[in-house]
Each structure stands twice: as C-alpha cells, then as structure tokens.
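In: Provided below are the primary sequence and the corresponding predicted coordinates.
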Amino acid sequence: MTIADNISTIRARIAAAARAAGRDPAGIRLLPVSKTRPASAVLEAASAGCTRFGENRVQEATGKWEELAEDHPEISWAIIGHLQTNKARQVARFASEFQALDSLRLARELDRRLQNEGRGIDVLVEINTSGEPQKSGVALDDAVALCRQLGAFDSLRVRGLMTVALNSGDPSPVGACFQRVVDLQERLRDEAGGVSDWGELSMGMSGDFELAIAHGATTVRVGQAIFGPRSYPASA
Ligand SMILES: *Cc1c(COP(=O)(O)O)cnc(C)c1O
C-alpha cells in the first residue's frame, strides 16, 4: 500500500463513520500527521490532495518547512504537540495552526512573537481529558478560565478544542474522553461570552478516529494509518 492508497482508505473510513453518525463527511477534516517521516513522504501525501500536515516537534517541523517552502508554497503546517514557551518564536515564524495551547503564559508569548512577525495563527486549546499526568493539555477544571482569557490576543484565532484520548483498546473510556470535550464545548457556549464560534473539535488518531467522529470530531489527526508504523511512540 502506498501513502496515496492509505489516504484514500482513510477518507473512505471517515466518510463511512460520518454517515453512520448521521453527519456530512465534508464536515470532517483529515490532518495527516507526518512526524518522523521525511519530506518526501509529505510530498507523496500532498500529491494525494493533502496540503496541511501535523507535526508534534517544532524542530522537526521547521526542517521540513525549510525544505519544502520554496517549491511547495501550498503546503502548510499544524503544530499538534506540547510547546515550551522558548519555542514560540519558531512556531510564530511559519506555522499556520497550533493545536496544543494549554496555558495563558504560552498564549501571551505566542501572541507577542506573532505580533513581531506580523502574522496570525489558528489555535485550538488542548484539553487533558484522560487525567493522566504525563499528558499535556489544560486540566478540564481549568479550561473555562483559560478559554475566557484568550480573546485578548489579537493574533490568536481560537477555533476550538483538541484532545488526545486515553490510549486503550476499550472504546468506553476512550469515548468518555471525547465526550468530555463535547461537554466542555457546550459549557463554553453557555458560560464564556464570545466563544460561540469555537466549532472545531480535533480528536481521534489512527486507532480511534471513527469513535471520535461518532462523538462529533471535526478534525482527525492520522499518522501511522497513512505513513506506516513509527519506530518511537506517538507521545515521545
Ligand atoms: C502522533 C500524534 C497523532 C497521530 O497518531 P497516530 O497514532 O500515528 O495516528 C495525533 N495527535 C497527536 C497529538 C500526535 O502526537
């Protein structure tokens, strides 16, 4: 199976999961996650119609951006992994999207760096829905307070929420993680003025994207099912 074959298989599975949930497949975005894969793999996926790619490490993403930017200006980048504030400048230079905002301090630093670059960026707030201490993301209990303050940053276009669910073969606790994000989105609509347009829910990976779609995901982040197995774990 080529990368293009895998992408068409995943698209078909996304469409089937959407229809099963009574949803329009066009409302679900496939974000291929190209971490650990070379720029040539990104180009293969690009020739199958993908233009934005997810990366969890800023250093690695920067390298691919530098390699591809000139000849492939259509390719854009979403940083989906935890970011230390000292890497915010790097993200501000080139990323189109940041899916792992989890603190006010990082929002402030990213906004400052983006203002310097004269750029804006699409942002999702990452929620720790599993309660696992090794996972990044803002705790559920602190999420509303954080979200309320993000309107103050002109360069951050906040689009919604993101989560990495519990890694388990049992769909019940995984689905519970997705549902916590959906419930939080609902609470934000009710309680936090001005966030009613936070329609994006980025949830679901290779092993659980169909379940995420059943719960309402609008973006699924798929790595291994497109690019093949990685030699180090997803959270590394
Ligand atoms: C690696 C990664 C993915 C993709 O995981 P796969 O299991 O390869 O589909 C999705 N989201 C985040 C945050 C990741 O780090």
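Out: Thanks, I have it. Numbering: from 1, shown residues only.
In: Contacts only, for residue 28.
Out: The contact partners of residue 28, by CB atoms under 8 Å, 6 or more residues apart in numbering, come to 14, 18, 213, 217, 218, 219, 220. Heads up, the C-betas are built off the backbone N, CA and C, glycines and all.
In: Give the residue spans of the protein that score low on pLDDT.
Out: For the chain, the stretches with pLDDT under 70 are 192-196, 232-236.
In: Do a quick rundown of the helices in this structure.
Out: Remark: helices assigned in the chain by DSSP state H are 3-20, 39-47, 58-68, 88-94, 104-117, 140-149, 171-191, 209-215, 224-227.
In: okay, those, which one's buried deepest?
Out: With neighbours taken as mean count of other CB atoms under 10 Å, those reach their highest mean count in helix 209-215, at a mean of 22.
In: Summarise which helices and strands it is packed against.
Out: Other helices and strands packing on helix 209-215, by 3 or more CB pairs under 8 Å, 6 or more residues apart in numbering; DSSP states H and E, are helix 3-20, helix 171-191, strand 219-222.
In: TSV for the ones you listed, including distance to residue 138?
Out: Compiled in TSV, those are given as follows (distance: least, CB to CB, whole Å):
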stretch	distance to residue 138
helix 3-20	27
helix 171-191	10
strand 219-222	18
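In: of the helices of the chain, which approaches residue 163 most closely?
Out: Among those, the nearest to residue 163 by CB to CB is helix 171-191 (5.0 Å).
In: could you give the angle of the closest one to helix 140-149?
Out: Angular relation of helix 171-191 and helix 140-149 on a 0 to 180 degree scale: 40 degrees, by axes from the mean of the first three to the mean of the last three CA atoms, to 10 degrees.
In: if I look at the nearest residue to residue 210 once chain neighbours are set aside, how far off is the ligand?
Out: If you skip the residues right next to it in sequence, residue 210 has residue 17 as its closest partner in space, 4.1 Å away by CB to CB, 6 or more residues apart in numbering. Per CB to the nearest ligand atom, to the nearest Å, residue 17 is found 15 Å from the ligand.
In: who touches residue 17 in this structure?
Out: With contact set as CB under 8 Å, 6+ apart, residue 17 has these partners: 209, 210, 213, 214.
In: For stretch 157-170, buried residues please.
Out: Neighbour-count burial for stretch 157-170, counted by 16 or more other CB atoms under 10 Å, picks out 158, 159, 160, 161, 162, 163, 164, 165, 166, 167.
In: Switch these over to TSV; also include distance to the ligand.
Out: Below are the buried residues of stretch 157-170 laid out as TSV (distance: CB to the nearest ligand atom, whole Å):
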residue	distance to the ligand
158	18
159	16
160	15
161	13
162	8
163	9
164	5
165	10
166	13
167	9
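In: Point out the ones among the residues you listed that are inside strands.
Out: Taking DSSP state E, the ones among the buried residues of stretch 157-170 that sit in strands are 158, 159, 160, 161, 162, 163.
In: Could you work out which of the helices and strands packed on helix 209-215 reaches nearest to residue 47?
Out: Between the helices and strands packed on helix 209-215, helix 3-20 lies closest to residue 47; by CB to CB that is 6.9 Å.
In: For that closest one, C-alpha coordinates in PDB please.
Out: Backbone C-alpha positions of helix 3-20 (Å, rounded to 0.1, in the frame of the first residue of the first chain) are rendered in PDB as follows:
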ATOM      1  CA  ILE A   3       0.700   6.600   1.100                       C
ATOM      2  CA  ALA A   4      -1.900   7.700  -1.500                       C
ATOM      3  CA  ASP A   5      -3.700   4.300  -1.100                       C
ATOM      4  CA  ASN A   6      -3.700   4.700   2.600                       C
ATOM      5  CA  ILE A   7      -5.100   8.200   2.300                       C
ATOM      6  CA  SER A   8      -8.000   7.100   0.100                       C
ATOM      7  CA  THR A   9      -8.700   4.200   2.500                       C
ATOM      8  CA  ILE A  10      -8.800   6.600   5.500                       C
ATOM      9  CA  ARG A  11     -11.000   9.100   3.600                       C
ATOM     10  CA  ALA A  12     -13.500   6.200   2.900                       C
ATOM     11  CA  ARG A  13     -13.500   5.200   6.500                       C
ATOM     12  CA  ILE A  14     -14.000   8.900   7.600                       C
ATOM     13  CA  ALA A  15     -17.000   9.100   5.200                       C
ATOM     14  CA  ALA A  16     -18.500   5.800   6.400                       C
ATOM     15  CA  ALA A  17     -18.100   6.900  10.100                       C
ATOM     16  CA  ALA A  18     -19.700  10.200   9.300                       C
ATOM     17  CA  ARG A  19     -22.600   8.700   7.600                       C
ATOM     18  CA  ALA A  20     -23.100   6.200  10.400                       C
END
